[in-house]
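Q: sequence and predicted structure are below.
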Amino acid sequence: MPNKIIPYKPELRELARSLRKNSTLSEVILWQNIRKRALGVQFHRQVPMLDYIVDFYCHEIGLAIEIDGSSHDHKFLYDARRQGRLEKEGVHFIRFTDEEVKKELFSVLLALEEKVRELLEENQE
């Protein structure tokens, strides 16, 4: 699975660019803490996959990070279906709420470090 390229609809490229330029506060906070290989792997922001865009993605270990804001309360079924389709492509997910990133960043980063370590070990086997 490492570095697997997942195809996406070309029209998502422009939307992803727009989302990068208009990040939420929690996305900015998390990005400042995971960019430049801060966790030992490289993440990218707003990555198109299939018919969707994930908040952050690491190709090396196939990990998507999603930050669920208040708008996600109404999109639970959509998010579950989307995650299921991407998991069939080998993508692993870790989700945090907007509030967790803003108020419990240390715990969020610890959970992320653990998930990255787990997937790196899995890929070495």
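A: Structure's in. What do you need?

Q: when you work out contacts or count neighbours from here on, use the C-alpha atoms and nothing else.
A: OK.

Q: and the helix or strand harbouring residue 107, what does it pack against?
A: Residue 107 belongs to helix 105-124 when assigned by DSSP states H and E. Using 3 or more Cα pairs under 8 Å, 6 or more residues apart in numbering; DSSP states H and E, the elements in contact with helix 105-124 are strand 92-97.

Q: let's go with 6 Å and repeat that
A: On a contact count with 3 or more Cα pairs under 6 Å, 6 or more residues apart in numbering; DSSP states H and E, helix 105-124 meets no helix or strand.

Q: ranges for the helices of the protein?
A: Secondary structure of the chain, counting by DSSP state H: helices at 12-21, 25-34, 76-88, 98-103, 105-124.

Q: how about the second one as PDB, C-alpha atoms only?
A: Translated: helix 25-34. Extracted C-alpha coordinates of helix 25-34, given in PDB (Å, rounded to 0.1, in the frame of the first residue of the first chain):
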ATOM      1  CA  LEU A  25      -8.400  27.300  12.100                       C
ATOM      2  CA  SER A  26      -8.100  23.700  13.300                       C
ATOM      3  CA  GLU A  27      -6.600  22.700   9.900                       C
ATOM      4  CA  VAL A  28      -4.000  25.500  10.100                       C
ATOM      5  CA  ILE A  29      -3.100  24.500  13.700                       C
ATOM      6  CA  LEU A  30      -2.700  20.800  12.800                       C
ATOM      7  CA  TRP A  31      -0.800  21.600   9.600                       C
ATOM      8  CA  GLN A  32       1.700  23.700  11.600                       C
ATOM      9  CA  ASN A  33       2.500  20.700  13.700                       C
ATOM     10  CA  ILE A  34       2.700  18.000  11.000                       C
END
